[in-house]
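[1] what follows is a predicted structure for the sequence shown.
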There are 2 protein chains.
Amino acid sequence: MTSTNGAPPGGGRDPEAVSRFVERFAGEMADAGMQRMASRVFAALLASEKGSLTSTELSEQLRISPAAVSGAIRYLTHVSMVRREREPGTRRDRYLLHDQLWYEAFGRRDQILVRWEAVLVEGAELLGPDTPAGRRIAESAEFFAFVQEEIPLMMERWRAQRARQREE
Amino acid sequence: MTSTNGAPPGGGRDPEAVSRFVERFAGEMADAGMQRMASRVFAALLASEKGSLTSTELSEQLRISPAAVSGAIRYLTHVSMVRREREPGTRRDRYLLHDQLWYEAFGRRDQILVRWEAVLVEGAELLGPDTPAGRRIAESAEFFAFVQEEIPLMMERWRAQRARQREE
DNA sequence: CGCTCACTTCACAAATTTGTGAAGTTAAGG
DNA sequence: CCTTAACTTCACAAATTTGTGAAGTGAGCG
């Protein structure tokens, strides 16, 4: 393996390259609909040494104002992707990734499905089960109900696979 | 059952109520990150009698310009949620929902996961497998690989369940 | 107790996104 | 072929979203 890819020779981090990764992944998340600053903060945490950073560190690394960090963190904690912790003996907060990272994120998605299903069930009633539109909408509602059942099962399989890999 | 809910007495559609449903569901989709006009057009098609409408019908029902319809349809066809068909003998296009509606939509989501995984794999190499950050990112990549395997299986189960319900 | 530091909130300016009208393109129909 | 209808593209205006600086809040330290 050469040093044109992978970890740099010295074993240290190449901040420039890490930043490119952060911005690249944040870009993907933003494309998928997540707020831009929230995406950047999340990506920065993901690429951070310990999976946690302080507000000041985020502000400096991403070149954004403390206010922007605050806004992003508000969103990320709201959707349970990040946890806040006071750094003992200081007046600094640390923002941490959840360890069961994607578990949390998907749990949140689930909430969306609940709302969608509810609206669709109402719509299906409105149109009536004897109409094509009513049936179409009812089927959509059933699909989202189905997915809601499936996701926890899927996450359980992930947890199991993860545990297996860890003990190898 | 009373007429305060469900299909109206006459058996016909209540355009006012249908419109409320359309806007309500479109709102949910928009909240989840989909373009607003695309959401509205999609919802209108979902609630339409035959699962298809012409550009003019969409334009009138949603009170938007033909240009807006055009833009929304461009997006929806791009992501395979809607199909375009020329209405024979006229110069009108009809826009149709795919019959395997959510099947298509989820297939598209899959594409996103492919890209995310690729970026993460690169990031993991960059940080190195001997670092916490590298391992964290590698695990994320593995998670998305896992989900990519799971989704087709899940959709297959949905197809099967659907088929079972239909023949009952 | 009062100062200071770390973060948050707020009002606003900048940037981006969105939808429109108007002009352009294509194809059906005479 | 010329007209016209149906849709698309484009440039721009409007609306929305986003991020900032400045003021505010409150916890820790002296």
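    Nice, I can see it.
[2] after the least confident helix or strand in chain A by mean pLDDT, which helix or strand is next?
    Counting by mean pLDDT, DSSP states H and E, chain A has its least confident helix or strand at helix A:101-127, which shows a mean of 89. Next along the chain after helix A:101-127, taking DSSP states H and E as the criterion, comes helix A:132-167.
[3] the residue in chain A that chain B sits nearest to: neighbour count?
    Closest contact between chain A and chain B, by CB to the nearest CB, is at residue A:33 (2.3 Å). Any C-beta I mention is one placed from the backbone N, CA and C, and that applies to glycine too. When neighbours are defined as other CB atoms under 10 Å in any protein chain shown, residue A:33 has 14 of them.
[4] on that earlier part again, which neighbouring elements make contact with the least confident helix or strand of chain A?
    Helix A:101-127 sits against helix A:132-167, helix B:15-31, helix B:36-47, helix B:132-167, with contacts defined as 3 or more CB pairs under 8 Å, 6 or more residues apart in numbering or on different chains; DSSP states H and E.
[5] hmm, 7 Å instead?
    helix A:132-167, helix B:15-31, helix B:132-167 (3 or more CB pairs under 7 Å, 6 or more residues apart in numbering or on different chains; DSSP states H and E).
[6] of all the ones you listed, which lies closest to DNA strand D?
    In terms of CB to the nearest atom of the strand, the element of these nearest to DNA strand D is helix B:15-31, at 8.3 Å.
[7] right, is the closest one up against chain A?
    Yes: against chain A, helix B:15-31 shows contacts by CB under 7 Å from any CB of the partner chain at B:17, B:18, B:21, B:24, B:25, B:28.
[8] quick one: contacts for the closest residue to the fifth one other than its chain neighbours?
    To tie it back to what came earlier, the one meant is residue B:25. Closest residue to residue B:25 apart from its sequence neighbours, by CB to CB, 6 or more residues apart in numbering or on different chains: residue B:43 at 4.5 Å. Residue B:43 makes contact with B:22, B:25, B:26, B:29 under the criterion CB atoms under 7 Å, 6 or more residues apart in numbering or on different chains.
[9] and those, which is closest to residue B:79?
    Residue B:79 lies nearest to residue B:29 out of the contacts of residue B:43, by CB to CB, at 12.2 Å.
[10] hang on, the earlier thing: surely the residue of chain A closest to chain B meets residue B:30?
    No: the pair residue A:33 / residue B:30 is not scored as a contact, 10.0 Å apart, by CB atoms under 7 Å.
[11] and the residue of chain A closest to chain B, helix, strand or coil?
    Using DSSP: H, G, I helix; E, B strand; the rest coil, the structure places residue A:33 in coil.
[12] just give me the neighbour total for residue A:47.
    Residue A:47 has 24 neighbours, counted by other CB under 10 Å.
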